[in-house]
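Student: Have a look at this fold, sequence not included:
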């Protein structure tokens, strides 16, 4: 890998001389790029960040020291070399403050320059090697592993882990989840009955350590903290072990009261047969824990025992599947959405189902859809027929008709969501363009300024603006100002410096420089080439 160099000097022959002094390939660098001034250098760096910038101090529009300061702010890892014909202490001191690699005096000695770039290349190589050093990365990874594991478990409970990537995460994070059956338990320590002098945080730590000691070995349980509680994922050889596990948790609650002086309740979810279904078990465990107001505390509450209908696997899976429909609606893959809809209805209606159960099932579907529609600020009439009694109509559909109706409704939602995203992006960029049209004459107009107006980060703004317009904001603003300048030159009999100010340039010389770069001629020569009727001479 070769490193990129940018030479910045208003005297192009100086930069060309520097380019000829070294065999750049031999010392590990690409042939240097060239910028005439600091402003041009910043524009270049926006799209193609160099590794090393070698800049003169005295330049129009922006000094080399000002350029160095801005580059260091935008790209902290960039290396700066400052060269000058002035042997002044203040310049050298400022260069040191800006953490420049070198301050070189003109005329530049080839051997000295080679040594400087060789030293910089060695520094860049070391920095790159350090980042890629497997031993250091492995050490850092192992230190981060407990946090990564906790984050993975939290995402698993929320159903936010892509099913296809679960095995990879388990392997990468070195988690033993072989199962083949899993059960989630929430260990809740009461915050109202704390031992004297004990905080809730310390009490929770004490309870977790005791749980790990008593429950982990027998059930190969994985423990982690989530939403203020300790959560355990127990692993069974067969589904019937849930009974023994519940008893063990119940004994643990009494032990925690005796040893830790903690009032502990354990909510236990249903047994599931896959890691991606652990979110279902967790949902059941939350329901079980809520029953402590009826059944009391200091005990284990198994949802499958106290509320079989709520704790069954099929019901929980159906709920998760319907939420998966919402996820697919938000994505671009129409085929995946239609498959998910069909699977959901087929699985939910398999087996014997009474007419009343079927109608309640339909009501649930319509209710879920309506809440999703309103939650995303969509007009329900764009999905459902105006004035139609949707419940009466849909409840009369047979299973295949229901699937087709639900597919059509979800396709409409997917299209509307896609259009809303597109409209939001276009509106966002449109506002930026309108702002340029209204404020292009403002000399302080910049990316930061417009981002403040739009209340967005500059990184997000720059990405969206370039994606929609094909140009960076700085390029778009320059092009717009130049178009306005061209128009004023044709229509108005004004001095060049007046037109420069009218299109946002405080420095008429820099305005002339940009104009010539854009149109190949200076503003004054362009004006001289105009005829009396405002047309350019052939």
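Tutor: Sure, I can see it. Since we're looking at a predicted model, the values are computed, not measured. Numbers count the residues shown, from 1 in each chain.
Student: switch to C-alpha atoms for all contacts and neighbour counts from now on
Tutor: Fine.
Student: what's the single longest helix in this protein?
Tutor: Longest helix in the chain by number of residues (criterion: DSSP state H): helix 399-439.
Student: Could you tell me which residues within the next helix or strand after that one count as buried?
Tutor: Counting by DSSP states H and E, the element after helix 399-439 in chain order, helix or strand, is helix 447-454. Using 16 or more other Cα atoms under 10 Å as the test for burial, helix 447-454 gives 447, 450, 451, 454.
Student: and if you look at stretch 184-191?
Tutor: 184, 185, 186, 187, 188, 189, 190.
Student: what do you get for stretch 34-47?
Tutor: 34, 35, 36, 37, 38, 39, 41, 42, 44, 45.
Student: per-residue pLDDT, the nearest residue to residue 273 once chain neighbours are set aside?
Tutor: Here the nearest residue to residue 273 in space, its sequence neighbours aside, is residue 181; by Cα to Cα, 6 or more residues apart in numbering that works out to 4.6 Å. At residue 181, the pLDDT value in this model is 94.
Student: Which residue, other than its chain neighbours, is closest to residue 508?
Tutor: residue 497 (5.0 Å).
Student: Also residue 445?
Tutor: Residue nearest to residue 445 in three dimensions, not counting chain neighbours: residue 439, with 7.2 Å by Cα to Cα, 6+ apart.
Student: Let me see the ranges of the helices in the stretch 251-400 of the chain.
Tutor: In the stretch 251-400 of the chain, the helices defined using DSSP state H, counting those that start in this stretch lie at 278-290, 292-295, 303-306, 308-311, 313-329, 334-348, 355-375, 390-394, 399-439.
Student: Residue 159 - that's part of a helix, no?
Tutor: No. Counting by DSSP: H, G, I helix; E, B strand; the rest coil, residue 159 is not found in a helix; it is coil.
Student: how near is it to residue 168?
Tutor: In this view, residue 159 and residue 168 are 16 Å apart by Cα to Cα, to the nearest Å.
Student: For these two, indicate the residue with more neighbours.
Tutor: Applying other Cα atoms under 10 Å to residue 159 and residue 168 shows that residue 159 carries more neighbours, namely 19 against 11.
Student: So residue 225, which state does it fall into?
Tutor: Going by three-state DSSP: residue 225 is strand.
Student: measure the residue nearest to residue 273 to residue 128 for me?
Tutor: 45 Å.
Student: OK, contacts around residue 27?
Tutor: Contact analysis of residue 27 by Cα atoms under 8 Å, 6 or more residues apart in numbering lists 114, 117, 118, 121.
Student: right, I mislabeled it, should have said residue 102
Tutor: Contacts of residue 102 (Cα under 8 Å, 6+ apart): 80, 81, 82, 95, 116.
Student: And the pLDDT at it?
Tutor: At residue 102, pLDDT is 84.
Student: So in terms of bridging, what pairs with it?
Tutor: When bridges are called by DSSP bridges, residue 102 pairs up with residue 81.
Student: pretty sure the residue nearest to residue 508 is touching residue 510, no?
Tutor: No. Using Cα atoms under 8 Å, residue 497 is not in contact with residue 510; the gap is 10.3 Å.
Student: Which secondary structure element is home to residue 499?
Tutor: Here residue 499 sits within helix 496-502, counting by DSSP H and E.
Student: quick revisit: tabulate the contacts of residue 27 (JSON lines), appending neighbour count.
Tutor: Below are the contacts of residue 27 laid out as JSON lines (neighbours: other Cα atoms under 10 Å):
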{"residue": "114", "neighbour count": "16"}
{"residue": "117", "neighbour count": "21"}
{"residue": "118", "neighbour count": "16"}
{"residue": "121", "neighbour count": "20"}
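Student: my guess is residue 92 meets residue 103, correct?
Tutor: Yes. Using Cα under 8 Å, residue 92 is in contact with residue 103, at 6.4 Å.
Student: How is this structure divided into domains?
Tutor: Segmentation of the chain into domains, based on automatic domain parsing, reads 5-132, 149-308, 315-409, 440-528.
Student: which of the helices of the stretch 251-400 of the chain sits most buried?
Tutor: Of all the helices of the stretch 251-400 of the chain, helix 278-290 carries the top mean neighbour count, a mean of 24, counting by mean count of other Cα atoms under 10 Å.
Student: for it, packing partners?
Tutor: helix 134-157, strand 181-189, strand 264-268, strand 300-302, helix 303-306, helix 313-329 (3 or more Cα pairs under 8 Å, 6 or more residues apart in numbering; DSSP states H and E).
Student: about what we covered before: go through the helices of the stretch 251-400 of the chain and find the least confident stretch.
Tutor: Looking at those, the bottom one is helix 308-311 with a mean of 39.
Student: thinking again about what came up before, could you turn the buried ones of the contacts of residue 102 into a ChimeraX selection?
Tutor: Filtering the contacts of residue 102 down to the buried ones (16+ other Cα under 10 Å) takes a single ChimeraX command:
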select :80,81,82,95
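Student: now the contacts of residue 102 in TSV, with distance to residue 366?
Tutor: What follows is the contacts of residue 102, written out as TSV (distance: Cα to Cα, whole Å):
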residue	distance to residue 366
80	63
81	67
82	69
95	68
116	71
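Student: contact partners of stretch 516-527?
Tutor: Applying Cα under 8 Å, 6+ apart, the contact partners of stretch 516-527 are 482, 489, 490, 496, 512, 513, 515.
Student: Recalculate using a threshold of 7 Å.
Tutor: Taking contacts as Cα atoms under 7 Å, 6 or more residues apart in numbering, the residues outside stretch 516-527 that touch it are 489, 496, 512, 515.
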